[in-house]
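[1] pasting the structure only:
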Ligand code: BEZ
């Protein structure tokens, strides 16, 4: 970029004083020249500096594309809170640059995602995109990020493709791939001795991929998925499907729902009288950030996730205290993922001194880092997805308590990623 006031047509390195008719001009210095030459040289030197050094580093514009309305609205808020908490802990700066935010409510609507992300990239000129919660929205963001070269950190959506076929040097995830918690639950349910299972999810990438990951591990361990049920996102009319589960009589049920939909599903499952005969399992989104509303209907439900409520590590305790102090509520997995998205951004930016254009150096720093997360330390895979422990948790009162580790340092296979 040309510094303000500079003549873009003149290369400072080739700049000369105006030629004169004085044959001695190369060696003779007049009084006027004595006075002006240092100024001219100083100006030329300043112009010769790379623009990033000649100017104070500007603010870092972070484009938050998250749901503020709809069934995932509370998740969007938790991600944003977590991200902002980490930035505040760093004095409002990452990589030496003051952070400012631009926000778009993506409504968890994939059909509006391209327009929304383009507003952030083209209208607002953001340096970094952070989003989103819904897998379909995140895939649209990943495509735009890849095409435009804008740095993207996904703080929730698990769409396998983002760190699979769509992977890129400028795309990272601080959360999970949909395959990860599903696969871990397949292992855990088989280890519990269940032989048959019915899966029930919303019909879109997150539900399809978590159920697929579950089936892969469950059937590898000798189990059988006897029925795969689903309904369109974000529908919550579960009754007909619950009747099908009762008729199928599987050993257990595997499910994926989140946010407001998860609250209703857990309550309807118990209300239909299924809970006492057919144990309900799921990925941890079924009971994370939802327990207040689910009440006793969630008690005993087992899930797999990369976070839990009573980890009781010094790192997690400090995070939880800070979060409660700032937001007057308990954090959940979404808040942790937002916090870690900011940590990852901070690590990359520190390595490139705030210059988001240095993508390869940014990526190299994040890839070799160990991220000190409230969930426990994790690393980033070659396809830029967390390699992390998957906890087996059980709801007890208002907490998702750790029962054990269902899968240690589970790495997404990154199928289709060429990087
Ligand atoms: C997803 O769409 O990827 C998703 C949404 C909420 C919770 C977990 C995953």
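    Right, received. Where do you want to start? The structure displayed is predicted, hence computed values, not measured ones.

[2] quick one: contacts for whatever residue of the stretch 301-419 of the chain ends up closest to the ligand?
    Nearest residue of the stretch 301-419 of the chain to the ligand (C-beta to the nearest ligand atom) works out as residue 334 at 7.8 Å. In short, each C-beta sits where N, CA and C put it, glycine included. Listed by C-beta atoms under 8 Å, 6 or more residues apart in numbering, the contact set of residue 334 reads 75, 78, 79, 82, 133, 155, 156, 288, 289.

[3] show me which of the residues you listed neighbour the ligand.
    75, 133, 156 (C-beta under 6 Å from any ligand atom).

[4] just the buried residues from the residues you listed, in PyMOL please.
    In PyMOL syntax, the buried subset of these is picked out as below (16 or more other C-beta atoms under 10 Å):
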select buried, resi 75+133+156
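
[5] now the residue of the stretch 301-419 of the chain closest to the ligand, nearest residue through space, not along the chain?
    residue 78 (3.8 Å; C-beta to C-beta, 6 or more residues apart in numbering).

[6] let me know the secondary structure of the one you found.
    helix (DSSP: H, G, I helix; E, B strand; the rest coil).

[7] count of neighbours near it?
    A total of 28 residues lie near residue 78 under the criterion other C-beta atoms under 10 Å.

[8] mind listing what it touches?
    So residue 78 contacts 289, 331, 332, 334, 335, 338 (C-beta under 8 Å, 6+ apart).

[9] out of the contacts of residue 334, list just those in strands.
    Using DSSP state E, no member of these sits in strands.

[10] and the most centrally placed residue in the chain, what does it touch?
    Nearest to the geometric centre of the chain sits residue 155, at 1.5 Å (C-alpha atoms, centre = their mean). By C-beta under 8 Å, 6+ apart, the residues touching residue 155 are 79, 82-83, 130-131, 173-175, 334, 337-338, 340-341.

[11] relative to residue 97, how far out is residue 131?
    Distance of residue 131 to residue 97, computed by C-beta to C-beta, to the nearest Å: 20 Å.

[12] more crowded one of these two?
    Ranked by neighbour count (other C-beta under 10 Å), residue 131 and residue 97 place residue 131 first, with 31 against 20.

[13] residue 62 is in contact with the more buried one, correct?
    No - Residue 131 is beyond contact range of residue 62, at 10.2 Å (criterion: C-beta atoms under 8 Å).

[14] got the residues of the protein near the ligand?
    72, 75, 133, 134, 135, 156, 157, 158, 159, 206, 258, 285.

[15] could you count how many residues lie near the residue in the stretch 1-150 of the chain positioned nearest to the ligand?
    Among the residues of the stretch 1-150 of the chain, residue 135 lies closest to the ligand, at 3.6 Å counting by C-beta to the nearest ligand atom. Using other C-beta under 10 Å, residue 135 has 28 other residues around it.

[16] quick check, it in contact with residue 205.
    Yes - with contact defined as C-beta under 8 Å, residue 135 counts as touching residue 205 (3.9 Å).

[17] quick one: secondary structure of the closest residue to residue 236 other than its chain neighbours?
    Nearest residue to residue 236, sequence neighbours excluded (C-beta to C-beta, 6+ apart): residue 264, at 4.6 Å. Following three-state DSSP, residue 264 is assigned to helix.

[18] before we move on, back to that, just the buried ones from the contacts of residue 155?
    Burial by neighbour count, 16+ other C-beta under 10 Å: within the contacts of residue 155 this picks out 79, 82-83, 130-131, 173-175, 334, 337-338, 340-341.

[19] just put those residues in JSON lines and tack on pLDDT, secondary structure and distance to residue 92.
    Formatted as JSON lines, the buried ones among the contacts of residue 155 follow (pLDDT from 0 to 100; DSSP: H, G, I helix; E, B strand; the rest coil; distance: C-beta to C-beta, whole Å):
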{"residue": "79", "pLDDT": "98", "secondary structure": "helix", "distance to residue 92": "19"}
{"residue": "82", "pLDDT": "99", "secondary structure": "helix", "distance to residue 92": "16"}
{"residue": "83", "pLDDT": "99", "secondary structure": "helix", "distance to residue 92": "13"}
{"residue": "130", "pLDDT": "99", "secondary structure": "strand", "distance to residue 92": "16"}
{"residue": "131", "pLDDT": "98", "secondary structure": "coil", "distance to residue 92": "21"}
{"residue": "173", "pLDDT": "98", "secondary structure": "strand", "distance to residue 92": "25"}
{"residue": "174", "pLDDT": "99", "secondary structure": "coil", "distance to residue 92": "20"}
{"residue": "175", "pLDDT": "98", "secondary structure": "coil", "distance to residue 92": "24"}
{"residue": "334", "pLDDT": "98", "secondary structure": "helix", "distance to residue 92": "22"}
{"residue": "337", "pLDDT": "98", "secondary structure": "helix", "distance to residue 92": "21"}
{"residue": "338", "pLDDT": "99", "secondary structure": "helix", "distance to residue 92": "16"}
{"residue": "340", "pLDDT": "99", "secondary structure": "helix", "distance to residue 92": "18"}
{"residue": "341", "pLDDT": "99", "secondary structure": "helix", "distance to residue 92": "16"}
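
[20] turn those residues into JSON lines, including distance to residue 189.
    Shown next, in JSON lines, are the buried ones among the contacts of residue 155 (distance: C-beta to C-beta, whole Å):
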{"residue": "79", "distance to residue 189": "29"}
{"residue": "82", "distance to residue 189": "30"}
{"residue": "83", "distance to residue 189": "33"}
{"residue": "130", "distance to residue 189": "34"}
{"residue": "131", "distance to residue 189": "32"}
{"residue": "173", "distance to residue 189": "25"}
{"residue": "174", "distance to residue 189": "27"}
{"residue": "175", "distance to residue 189": "22"}
{"residue": "334", "distance to residue 189": "24"}
{"residue": "337", "distance to residue 189": "25"}
{"residue": "338", "distance to residue 189": "29"}
{"residue": "340", "distance to residue 189": "28"}
{"residue": "341", "distance to residue 189": "30"}
